[in-house]
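Q: would you be able to build a 3D model of this:
(one chain, ligands or ions: 1)
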Amino acid sequence: MGWLHWERFMCNIDCDKDPNNCISESLYMQMADVMVKEGWKEAGYEYVCIDDCWPSHQRDAKGRLQADPKRFPGGIKKLADYVHSKGLKLGIYADVGKNTCAGYPGSLGYYETDAQTFADWGVDLLKFDGCNMDWKLLGEGYVNMSKALNQTGASILYSCEWPLYEWQFRQPNYTAIRETCNHWRNYADVYDSWNSVKSILDWTASHQDIIGPSAGPGGWNDPDMLVIGNFGLSHDQQESQMALWAIMAAPLLMSNDLRDICPRSKDLLQNRRIIAISQDPLGRQGYRTVDSFEVWERPLYKNQLAIAVLNKQEIGGPRGFSISVAPGWKICSPQCNVTQILPQFKEIGVQTLNSKVVVSVNPSGTALLTVTPINRVLTGSHKLHWQDTPVKHNMPFLK
Ligand code: GLA
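A: Residues are numbered from 1 along each chain as shown. A predicted model of the protein is given here:
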């Protein structure tokens, strides 16, 4: 969980005209300050991440990458020290090929040098892009950078875009990707629009049998940044992004301006119950189970289940959906307890297989619920009591 500059600040390098929003050390220092002051860190957001456009166009005399001296006068090491002094972590960006997507120096031919430079600076995460690289060499490049990072002995989270660039030519090998990367982008860049968020959900659902099983502690599919708190999504759509990113076990990397964010978006991004689903210790990715009124389900720790119901009809008013239709509802035998988290928190209470629970969902909004099975256990002394013990339910990937 953290913050990444790309979607909101892109390659804004004009610090003369736009000093407050350009890619400079002060942007990350300010975000780090706000993350501590405004409860982001406490909610779990930890990484402050630099994306493209941070370096100078030239490497130094020893072939090392260097930050643009005008925009990062203190250099990256000092910035990392600052971010660490706040109890946060720093992420940086580089590219497996000759140049980054925005045309800055790439790491091809410099994997060891760059890995060592990042380690020397105290960087905690590397987002490694895949522009300007022969696609047949992508896998080799990503694996070699992974080795170079490991060789430094530093603990650096490795965020890849390997499958995104490989999908254009063939189906990537997710076993190799999971062995190499800590999370990986599969699909196009997120934009600040509902169309963009929807297209990511559609792509993910239609490839869930291929990508879903590779997610688990240590390695995750990355549907790209949360754009909540920006301009393009209504509040209902922001709730949908938050709920579905939690269901997809996605890294939660916000790209917004934390210095100026509306209280409703902030509350949504800091919602502890949604974050708990997102960070569930079982570490399984959720999947779409019904696609008319779209239903997604994610198995959680202790046989709980999260269910998200997305109303994809973009006309009319709120629609009712009977959640007992969701395949996962079978864990309600003999009984279950249902809690609604979105659109507002509500204890729906104890239910059975035959209960009819109808949730109301706004157009392009999402209702998010957790379902906890309750098992009736008969003990030797003819005593009946209810106990929270595991129930097996047959979900895809749970074979
Ligand atoms: C690619 C990546 C984005 C961002 C830009 C930077 O498009 O997918 O996430 O890093 O490059 O140039």
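Q: can you tell me the closest non-neighbouring residue to the residue in the stretch 151-300 of the chain that the ligand sits nearest to?
A: Taking CB to the nearest ligand atom, the ligand has its nearest neighbour within the stretch 151-300 of the chain at Asp189, 4.7 Å off. Heads up, the C-betas are built off the backbone N, CA and C, glycines and all. Nearest-residue entry for Asp189: Asp224, 6.2 Å, with adjacent residues in sequence omitted and distances by CB to CB, 6 or more residues apart in numbering.
Q: separation between the residue of the stretch 151-300 of the chain closest to the ligand and Pro223?
A: In this structure, Asp189 and Pro223 are 11 Å apart, going by CB to CB, to the nearest Å.
Q: neighbour-wise, which of these two wins?
A: For Asp189 versus Pro223, neighbours defined as other CB atoms under 10 Å are more numerous around Pro223 (24 against 14).
Q: make sure the more buried one is actually in contact with Ala205.
A: No: applying CB atoms under 8 Å, one finds Pro223 not in contact with Ala205, separated by 11.0 Å.
Q: quick revisit: ramachandran angles for the residue nearest to Asp189?
A: In terms of degrees, to the nearest 10, the main-chain angles of Asp224 are phi 90, psi -180.
Q: just the local confidence number for it, please.
A: With respect to pLDDT, Asp224 has a value of 99.
Q: the ligand contacts on the stretch 151-300 of the chain?
A: 161, 189 (CB under 6 Å from any ligand atom).
Q: run through the stretch 151-300 of the chain and note the low-pLDDT ranges.
A: Low-confidence segments of the stretch 151-300 of the chain (pLDDT under 70): none present.
Q: give me the neighbour count for the residue nearest to Asp189.
A: One way to gauge burial is a neighbour count; for Asp224, by other CB under 10 Å, it gives 25.
Q: distance of it relative to Ile92?
A: The spacing between Asp224 and Ile92, counted by CB to CB, is 18 Å.
Q: name the element Ile274 belongs to?
A: Assigned by DSSP states H and E, Ile274 belongs to helix 272-278.
Q: ok, and what's touching that helix?
A: By CB atoms under 8 Å, 6 or more residues apart in numbering, the list of residues contacting helix 272-278 from outside reads 1, 43-44, 242-243, 245-247, 249-250, 252, 268, 298, 300, 306, 339, 341-342, 345, 368, 370.
Q: would you mark the buried spots in it?
A: Buried positions in helix 272-278, judged by neighbour count with 16 or more other CB atoms under 10 Å: 273-278.
Q: same thing with stretch 293-307?
A: Neighbour count says stretch 293-307 has 293-300, 303-307 buried, by 16+ other CB under 10 Å.
Q: same thing with stretch 210-220?
A: Using 16+ other CB under 10 Å, the residues of stretch 210-220 that count as buried are 211-215, 219-220.
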